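Enquirer: curious how this folds, go ahead:
(2 chains)
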Amino acid sequence: MVDVDVITQEVIGARLNGIVSEMQVAIFRTGFSTIIRETHDFSCALLDWQGRLVGSHSSVVGHNGAYPYCVAGVLEFYDYEDMKEGDSFVINSAYHSGVPHPMDIVVVTPIFYEGSLVAFCASIGHKSDIGGLAPGSRVTLARDVYGEGLQILPVRFQRDYQIIKETEQFFRGNSRSPHLVLGDLTAQAGALWSIGGERLIALMDQFGKEVVESTFDLLGKRTEQRLRRELEEWPDGVFEGETFIRDVVDSSRTIRLHVAAIKEGDRLIMDFSATGDQSEGPVNIRPPFLRGISTSSLTAMVDPSIPNNWGSQGVIDYRFRSGSLVDPIYPGPTGFYSKNLRAIEGIVNRAMTKASGRPAVSFGGTQSSMVLGSRGASARPYVQYEIFNPGSYAFEGGDGWPGTGHGFSGSSRFTSIEILEAEFDVRLLQFAVTPDTGGAGKFRGGSSYRRDYLLKGSAKFTGGADRRVAQGTEGGMDGVVGAVVINPGTPQEQRHETMVSSVELAPGDVVRIEAPAGGGVGDPKERERERVIHDVEDGIVSSQNAIDLYGMSQRELQEAGLGA
Amino acid sequence: MKTVAVDTGGTFTDMVVMDQETGEIEILKVPSTPSDPSQSIVQGVLEMFPNKGDLDNIGTLSHGTTVGTNILVQNRGAKVGLLITEGFTGINDIWHLPRFGAELGNLFIEKKPLVPPRFRLEVPERIDNEGNVLKALDEEATIQAIRRLKEKGVESIAVVLLFSFLNPAHEKRVGELIKQEYPEAWVSLSSEILPQIREHPRYSTTVANARLDPAMTAYLTNLSKQLRDEGVKTRQLYIMQSNGGVNKVESVVPVTTILSGPCAGALAGVEIASAAGFDNVVTLDVGGTSTDLALGEKGKILEETSGRLGDWELGVPMLMIHTIGAGGGTIAWLDKGGGLQVGPQSAGADPGPVCYGKGGTNPTVTDANVVLGYLNPNNLGGGKVSLHYDKAYEAIKEMGATLGLSPLQTAEGIIRIINAKMEEGVRAVSTERGYDLRDFSMVAFGGAGPIPSGRLAADLNMQKVIVPPAPGVTSALGLLMADPRRDYMTSRLAPLAGLTGEAAMTVFSGLESQALEGFQSDGFPREQIQLSRFLDLRYQGQGYELTVAVSGAAQLTEDDLKASRANFDQLHAQQFGHGAPEEPVEVVNYRVVAVAQVRHATINPGVAGEGGVETARAGDRDACFSSAQGMISCPVYNRALLRPGHRLEGPVIVDQSDSTTVIYPGQLAEIDGFGNIIITVN
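Expert: Sure thing, here's the model as predicted:
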């Protein structure tokens, strides 16, 4: 270790941010699949030679927690002596790395400077297909990881910058779209070397290897110190976050999600051990992702611009109970882990806001999805895939809202209605907020909304959301649950409040997606009168609910020109 | 005759007057008047033309403005009402945009619809994806909705109906009904503002226009009137648009002016560099609160067809300009981990840097430049603002004491950190898009651009730095270099393979006649108008398009379309590393760009000077190029007296009324035939 002045540390820090952002753009630019370019479900990171996170670029915050475990996975199977320049390694086993499910393949490349291994660059990216029961490899039917397609323990993918023939054949034989998988992996590895590797080497040329390596250390220590100083100012105590989900296999079974944030001096323990048992189905989550979410939640309490590195990651200690939903035992399946992400975010943010004294937050709804596939020989073949973000949480100080852009994982956009109608055999009948759905409160949860599709041809529908009530807090009320409704308002109406699979639909049928709503924060009677009046005028709250839940008087409403 | 250019910035309004015959240029900086920017413009014009009779000599006046940008960023502007297809209120009421920038990771923000739903009413009607009317417009209900908006005190109405880009009949009729029921209201129809498929960007752009309409129009009308009242007779008043072209004040669509300010600078930077023989450049425009960066390849600035400004998604053609929060007023601060941070917060113009003496206490980049001796404390704004060296020194000394650093080390540190951020910004417009910076030079301007540019270019391995003759008014100069330009577009989603040349021509002809009509009504003869055709293409099912040029032939053939297709595959390969010539391609949008060729500013060669470089010597100033070495005596030259052929060897500081250029130790500079300082950095 050499001493590095704070200025040089900051300059190198700015460079490291630039390196990860340039790697990310390079993968975006050269990736093959639409997953990379349209869904943006990928990230990249820079780690030191020990596998500690130095910098990352990610819209999926859980990935930050995953990376150290990915490098550790490589190091478990390969010695440093066995790595050389031009190598890259891949893993997708959630039990031998940090990736949350096998559809995410991580590429790890060691970076060498003057002959010695100085760092790792890594990138996690969702893959279009790795075999298994159905296209896309994710199936609710999976009861172990073997039902979720190819399982890759750490293997060498490239040597001397070339894909190893044996590895390539292995991929070719295990995917429905091998060219997309190999194309994306090559783009990931290429960016890691040509941007990450080359820029890191240039940085060491400029400042010296020892200075850069010491800065990796110092930046982490400074981040840790900054967060620990903040923690010291928080009160000591135990602060809990809790919610309940329905199991995907047995929808009558409720699983408890729980975390206790134990704060003592400048230490913080996130104890997830009271979370219920793992599911037989693919909704389990491995611990690394929870570490990523917890770190981001901590920095969000203090200052969201605090870097996500080994220093911020090292502030929190964790307790998990083996066999629980958040520390499943091998080979428990994890393909649909993302179904519970918002619930996990919710309990972590609840515990963290209580511990820090920041504004209380409620729970947001669950993300829903739909896949509509055309059917029949005469039909125009298509697969229409959409993601719907729910009504979001509220916080003491602001209302939730429906749609895109909230929390840590709400970045998926809506598909354009005009594009849908031009490309697929559907017509949209409605896309509108549903009144009286967001949890009432001093600050209201984000509303539910309806999106109705009229089918012009036969199709199979899979989608919806798992049933979970987005709880309100501090006197705020719960949000309504989501649903898929087939032929609403007709005698044949079918309502499903959990995910449905392969529903056969005929021309003229209507599918309605009802997005789950978020919970409220605080007593609705304390809500600013102006906000209540605007909600009534805006069609978010009915006059009746304004009176019943928010305690408005008939007269107040009439004075506002809203005759009830 | 004279051409006048006015660029309104946050602190100063820059003016350039060019003699159309000789090309000679005069410049002036006057303090901006943010509450009504037209005041400073009129005042500047009167200062430049003290004799009333001379005002007749103003042939054209071009203006770059941030009025529109500020309205949207500060969430001001008109009270807007929205009329939208019945059943589809979610386009407004449900949030559509992912987070970006400083919002990432922040759990405590609240988003509200662009139009409060109480001012968003439904219109019973529906058009399908082929432009057929599924449900006729219910005029009675529409009239009721318009009356309600009127009662609610809405001033400006946006009309956004599904598939109006294919069949605008319903929107047009709603527009007529508004005129009939509420003639005072401003109206923005989505089929006119942005006739493009994808309802959300069309809606957002149309609402933005409705927001801007009354204030922008009032501003421009008032400006024209004030100028006329003072005796400016010309009818040639132009506004800079985001697309890098200008448009007549009476024809400009407010939402197209969003990048009016930074565009002109980028344009001037690229033109000046091209004239000087540098075709590949990155423009670095450093102002008080931010730095604007753009890339010019072969003398042309990259463009994009949409952009984002805060919560607004704007589907208007714009130059690709990357803005980072790094400028002279950017604040240095200490974090709780004991680290020194610089930005992104800025002290702005008020209170401004500590050295302004207006009550600022946080050291800024400008304060560091004063302490390091780069900025002449007596020379900012041509001596109109004097800087308090002592105050800057004390603030930086105090910050350094906490860090255990000397004042010089602290000032140097602030500069090194902000420079690292600017360098990452340069990479974002160049290497991140696949360009190799070794093939590029840097054009540095804005009052504060030519101070760091020598260091940045050296660190980035760029070739040269070009410092234009008047860096502080380069943006204003760019206004003199812009041609009148109008963009027209429409969406027709269809497989390219099934498209005949004739069918494509029909669509293009429609757009071209609109373009000609527009320009001719502004008084441009046909022969001055140049039309270019483009198609936005994508591989079937992709979520994004690339714009490729289409033949300008009188009749299009299938071969012309095939050529465009080949260009698309190639462009896709260049931008994304791979193309797919075997995959089906879809046409999404048709575009026509119309440019009126007018005589505009050309870069004149300077006059070779009498006497050697020492005639321009203005003494020495102590400056610091390495805190280890401390302050050293550094030669200072007066830019106004430097002539083509003069050579300088760093360390040298060049002072001029609107900017300061630093030539670092070991760097060589020469004044070229156009009066630019060309610095060889390595």
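
Enquirer: now do the buried residues in stretch B:109-125.
Expert: Buried residues in stretch B:109-125, defined by neighbour count with 16 or more other CB atoms under 10 Å in any protein chain shown: B:111-125. Bear in mind the C-beta positions are built from the backbone N, C-alpha and C, glycine included.

Enquirer: same deal with stretch A:417-436?
Expert: In stretch A:417-436, counting by 16+ other CB under 10 Å, buried: A:417-436.

Enquirer: hmm, who's touching the helix or strand of chain B with the lowest mean pLDDT?
Expert: Ranking every helix and strand in chain B by mean pLDDT, DSSP states H and E puts strand B:25-31 at the bottom, with a mean of 85. Residues from elsewhere that reach strand B:25-31, judged by CB atoms under 8 Å, 6 or more residues apart in numbering or on different chains: B:11-19, B:40, B:43-44, B:47-48, B:381-382, B:384, B:470, B:472-473, B:476-477, B:657-658.

Enquirer: repeat that for stretch A:160-170.
Expert: Stretch A:160-170 has contacts (CB under 8 Å, 6+ apart) with A:86, A:90, A:155, A:156, A:157, A:158, A:182, A:186, A:193.

Enquirer: likewise for stretch A:221-237?
Expert: The contact list for stretch A:221-237 (CB under 8 Å, 6+ apart) reads A:9, A:262-268, A:298-299, A:301-302, A:306-307, A:309, A:311-312, A:314-315, A:355-357, B:335-339.

Enquirer: among these, which ones are in helices?
Expert: A:9, A:298, A:299, A:301, A:302, A:311, A:312, A:314, A:355, A:356 (DSSP state H).

Enquirer: which of those residues are close to chain B?
Expert: Among the ones in helices among the contacts of stretch A:221-237, the ones lying near chain B by CB under 8 Å from any CB of the partner chain are A:9, A:299.

Enquirer: any idea which element residue B:326 lies in?
Expert: Assigned by DSSP states H and E, residue B:326 falls within no helix or strand.

Enquirer: can you list the domains in chain A?
Expert: A:6-224, A:359-527 (automatic domain parsing).

Enquirer: can I get the ones you listed in CSV with mean pLDDT?
Expert: Below are the domains of chain A laid out as CSV (pLDDT from 0 to 100):
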stretch, mean pLDDT
domain A:6-224, 92
domain A:359-527, 91
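
Enquirer: residues in contact with the nearest residue to residue A:545 once chain neighbours are set aside?
Expert: What sits nearest to residue A:545 in space, not counting adjacent residues and going by CB to CB, 6 or more residues apart in numbering or on different chains, is residue A:436, at 5.0 Å. When contacts are counted by CB under 8 Å, 6+ apart, residue A:436 touches A:541, A:542, A:545.

Enquirer: test my guess that the second one contacts residue A:548.
Expert: No: under the contact definition of CB atoms under 8 Å, residue A:542 does not touch residue A:548, with a separation of 9.1 Å.

Enquirer: and the least confident helix or strand of chain B, which strands flank it?
Expert: Paired strands of strand B:25-31, with direction, are strand B:12-19 (antiparallel) (DSSP bridges).

Enquirer: thought residue B:660 was touching residue B:377?
Expert: No: using CB under 8 Å as the test, residue B:660 is too far from residue B:377 to be in contact (11.2 Å).

Enquirer: so for these two, which sits in the more crowded spot?
Expert: Counted by other CB atoms under 10 Å in any protein chain shown, residue B:660 and residue B:377 do not tie: residue B:660 has more neighbours, with 23 against 16.

Enquirer: residues contacting that one?
Expert: B:374, B:375, B:376, B:379, B:450, B:451, B:653, B:654.

Enquirer: what is the neighbour count of the last one?
Expert: This means residue B:654. Applying other CB under 10 Å, we find 24 residues neighbouring residue B:654.

Enquirer: ok, now the first one?
Expert: Per other CB under 10 Å, the neighbour tally for residue B:374 reads 24.

Enquirer: was I right to think residue B:170 contacts residue B:161?
Expert: Yes: because the distance of 5.3 Å satisfies CB under 8 Å, residue B:170 is recorded as touching residue B:161.

Enquirer: which one of these two has more residues nearby?
Expert: More neighbours surround residue B:161 than the other of residue B:170 and residue B:161, with 28 against 25 (other CB under 10 Å).

Enquirer: my guess is that one contacts residue B:171. True?
Expert: Yes: applying CB under 8 Å, one finds residue B:161 in contact with residue B:171, separated by 5.2 Å.

Enquirer: which neighbours do these two have in common?
Expert: B:190, B:191.

Enquirer: what does the stretch 51-200 of chain B put close to chain A?
Expert: For the stretch 51-200 of chain B, the residues found near chain A under the criterion CB under 8 Å from any CB are B:87-91, B:93-99, B:102-112, B:116-118, B:128-129, B:162-163, B:197-200.
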